[in-house]
Structures are given as structure tokens and as C-alpha cells.
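Visitor: Quick one: sequence and predicted model below, then my questions.
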Amino acid sequence: MTTAQDLDVTPTPLALLLLGREADPSSERGVDCPGDLPAPSDPGLVERARAAKERLGEKVFVLGHHYQRDEVIQFADVTGDSFKLAQQAAARPEAEFIVFCGVHFMAESADILTTDAQAVVLPDLAAGCSMADMATAEQVAECWDVLTEAGVADATVPVSYMNSSADIKAFTGRHGGTICTSSNAERALEWAFAQREAGAGKVLFLPDQHLGRNTAIRDLGLAPGDCVVYNPHRPNGGLTAEQLREAKMILWRGHCSVHGRFSLDSVNEVRERIPGVNVLVHPECKHEVVSAADQVGSTEHIIKALDAAPAGSKWAVGTELNLVRRLAKRHPDKEIVFLDRTVCFCSTMNRIDLPHLVWALESLADGKLVNRIEVDKETGHFAELALERMLALP
Ligand code: 13P
Ligand code: SF4
């Protein structure tokens, strides 16, 4: 039987398309597909994906994030939010190939959590995440120096959102911290504060300031004044040593380019347009949006809330459009609208389309390992420490 190790690993030519902050060499860079992509208009694509998956049988396991396109999600063996997909990747040691329909940081986490005999494949390497690109390893190392200089590093526990590179996860593991996702951020913060004497600890939250602030204020009852924002583009993060000493939450200045666009105006407008509407948003939205919403939660929470909602109820949902459209289709008896008419799809999540999935599956079935995502051993070791702390959270 062919194993991941005996396959012909095709090296991928680098850097055709740059994502994130354009020419920044440490951003998650996009590359061209190193093979012949089928035409999107090919009417046989669905059949080809099905046939390739069948040829691979038990050897392949396809994970699909909720923000993926319908044309892709139909081939996922499991769909889920970031947390569920990390758990699922770790729970499939028998699958030689994990095809990750999601974005780069998710595939990296899957590689870290799977065995060396397994290969994780991202069908389009240009599927990065602009939020993850907002915290580079160099910037975070510099931030730690600033905290050390201010005399607060010993009191600080890093908590990094899953939406971060493997380097940032490794930094977190090295400094005694944990990873979190939007479904366990509250428990992660409680865990982090419990690592220090009561009242003495601080958290450095990376890279999404909104998830950090929302969780600290809404779930842990901290005051807005307990949070400061560290701006990696300003000397000393734009903060004085005294501000750092007084803060409980040091929030990295990063955000999601999709969720960051929902505004208080979108909430007010939809409430006026649809009387009685329930506003349900993801915690990557700004604090003012989350405060004005009726419910807040991860993608998995959003799906469960709408599944449980009574027929005839009305919902405006502030998260990625693929998921909102799918939910509206799944519940024709409920009125489900997108919170803001001008916010668009997550462009990087959308990179994974049926032609890329067909190409990846057919390549694997033909014995060619393409687009493998591999984290180096040392980074993987420390990143795994941080991920395992998350998986062990109560
Ligand atoms: P969750 O699926 O964990 O809610 O994350 C949302 C997200 O932005 C993933 O990129
Ligand atoms: Fe990144 Fe936001 Fe897209 Fe998620 S939705 S992958 S956080 S840009």
C-alpha cells in the first residue's frame, strides 16, 4: 500500500500571489497551483471529486470549515468550527491524508496534531488569513522584550487565538500559554489568569483584539480600562511601562477583515428594517457590535442557535456569508438575513473551490502528494504544547 512517505512530493513553486500585507515575506504567501487545474465550467467536477474520493477510500479524510463554499462542503467528512476541526484532525490517526478545506493556520494546526505518517493537504496554498498575518514571530518577540523591559513579562501568560501562525503558537507554548478558539476563549482566559497568584496575572492576547476584549469584558467581567492595545507598528507598542503594569489584558492590534466590517449601524439598520429580529454575531466582531447583539458565539454556536430557533423567528447573522446563506437555505421556515449588505465573503476561505479540491484529490489518488502543509519539528513541538493545553481545558 502507498503511504504518505513513499509518494512523490512535488515541490511547489513559490510566491505568485501575495496575500496579507503584500510583499511582507513573513505573511502566509499564496502560490500557484503546481498542476493542471480543471476548468470551473467542467460539468463533471462533482463526479470527478466523488470518484477520486472513492479511489482513496479510507486513506483520505476531508475536513471542512463552516465558511467553505457549498460546492466544497458537500465533500467534507466532518464540518466544524476551528476547535471541532482541530479535535477531529487529532482523532483520525488512521487517515493517511487529511485534506483540509479551510485556511492555512488550520492546516498547520492539523499537521501539528497528527502523526508524522500522516500528510495534511491544503487544496489551494493561497488560502491564508489576513488576521494571522497581523502578528509575525519577529513582532511578537519584540513585544515580549517590551514586556520584559517594563517588568511585566513574568506576570504575563500568552493566550493565542487559533487564527495565528504556527510560529505564534510555538511562542505561546514556550512561554507557558495556551491556544484558544472562539468556542473556548472564556475557559482559556480563566485558565491563564489562574496560572498566577490571584489578581497578579496578565494576559497577552494574540492576534485578535476583538475576541480578546469581548471575552474579557463580557465573560470575565473585566472593565474596558483593564485592556490596553499593543500596536506592533509603534515603538514599545505605543504603550508606556506604567500602562503595561496597570493592564490586565494586553490586546494585540489585529482583527478579522470580514468580521471587523460589521458596525453598530448595521445592527441599528437591521433592527429598524426587521422588527423583532434577533441579532446573532461572531465574537470577532467589534465590541460595540457584540454589545448591541442579542447573542454571540462561534460558528458552531451560531448553527446550533438557528437549529433550535422556533419557526417564524427572525435572525440577522454577523458572520461569513457562505455560512449565513447555507443556514438561510437550511431553515426556510425562519427568516435569516446577513447582518450587513455590504460585507463580503472571506476571500481566502473562498480560495478553496471545487477545481482545487478535485485537483488535490485526483493528485493524491494518482500517488502525487501536493500542497502538503508541514510545520518544522521544533516549532511543532512548542506549538503542540500550547494546542494540547487548549484541548485539555475543562
Ligand atoms: P470559528 O469557526 O472557530 O468560530 O472561527 C471563525 C473563523 O474566523 C475561522 O477563520
Ligand atoms: Fe481569517 Fe477572518 Fe477569513 Fe477567518 S474569516 S479566515 S479570521 S480573514
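Guide: That came through fine. Numbering: from 1, shown residues only. Ligands and ions are numbered 1, 2, ... in the order given.

Visitor: When you work out contacts or count neighbours from here on, use the C-alpha atoms and nothing else.
Guide: OK.

Visitor: Quick check: phi and psi on residue 203?
Guide: Main-chain dihedrals, residue 203, degrees, to the nearest 10: phi -120, psi 130.

Visitor: so how far is residue 141 from it?
Guide: Between residue 203 and residue 141 the distance is 15 Å, computed by Cα to Cα, to the nearest Å.

Visitor: So which of the two has more stuff around it?
Guide: Between residue 203 and residue 141, counting by other Cα atoms under 10 Å, residue 203 is the more crowded of the two (24 against 13).

Visitor: In the stretch 151-300 of the chain, which residue sits nearest ligand 2?
Guide: residue 256 (4.1 Å; Cα to the nearest ligand atom).

Visitor: and that residue, how many residues sit next to it?
Guide: 22.

Visitor: For the residue of the stretch 201-350 of the chain found nearest ligand 1, which residues are in contact?
Guide: The stretch 201-350 of the chain approaches ligand 1 most closely through residue 298 (3.7 Å), counting by Cα to the nearest ligand atom. Shown in contact with residue 298 (Cα atoms under 8 Å, 6 or more residues apart in numbering): 81, 182, 183, 282, 283.

Visitor: again with residue 379
Guide: 166, 167, 170.

Visitor: Which helix or strand in this structure has the lowest average pLDDT?
Guide: Least confident helix or strand of the chain, by mean pLDDT, DSSP states H and E, is strand 8-9 with a mean of 38.

Visitor: which is the next helix or strand following it?
Guide: Heading C-terminal from strand 8-9, the first helix or strand you meet, by DSSP states H and E, is helix 45-56.

Visitor: Give me the packing partners of that following helix, helices and strands only.
Guide: helix 354-365 (3 or more Cα pairs under 8 Å, 6 or more residues apart in numbering; DSSP states H and E).

Visitor: so what does the next helix or strand after the helix it packs on touch, helix or strand wise?
Guide: Tracing the chain past helix 354-365, the next element assigned as helix or strand by DSSP H and E is strand 368-369. Judged by 3+ Cα pairs under 8 Å, 6+ apart, the packing partners of strand 368-369 are strand 8-9.

Visitor: separation between residue 334 and residue 314?
Guide: 6 Å.

Visitor: Just give me the longest helix of the protein.
Guide: The single longest helix within the chain, with elements called by DSSP state H, is helix 377-391.

Visitor: so for it, what's the average pLDDT?
Guide: Helix 377-391 shows a mean pLDDT of 96.

Visitor: Make sure residue 160 is actually in contact with residue 176.
Guide: No - Residue 160 is not in contact with residue 176 according to Cα atoms under 8 Å; the separation is 11.3 Å.

Visitor: So these two - more neighbours on which side?
Guide: Higher neighbour count among residue 160 and residue 176: residue 160, with 31 against 17, using other Cα under 10 Å.

Visitor: and stretch 101-118, how far apart are its ends?
Guide: Using Cα to Cα, the end-to-end distance of stretch 101-118 comes out at 16 Å.

Visitor: Can you mark which positions in it are buried?
Guide: If you call a residue buried by 16 or more other Cα atoms under 10 Å, then stretch 101-118 has these buried ones: 101-115, 118.

Visitor: now it: how far from the chain's centre is it?
Guide: Relative to its chain's centre, stretch 101-118 lies at 12 Å (Cα atoms, centre = their mean, to the nearest Å).

Visitor: From residue 100, how far out is residue 179?
Guide: Distance from residue 179 to residue 100, by Cα to Cα: 20 Å.
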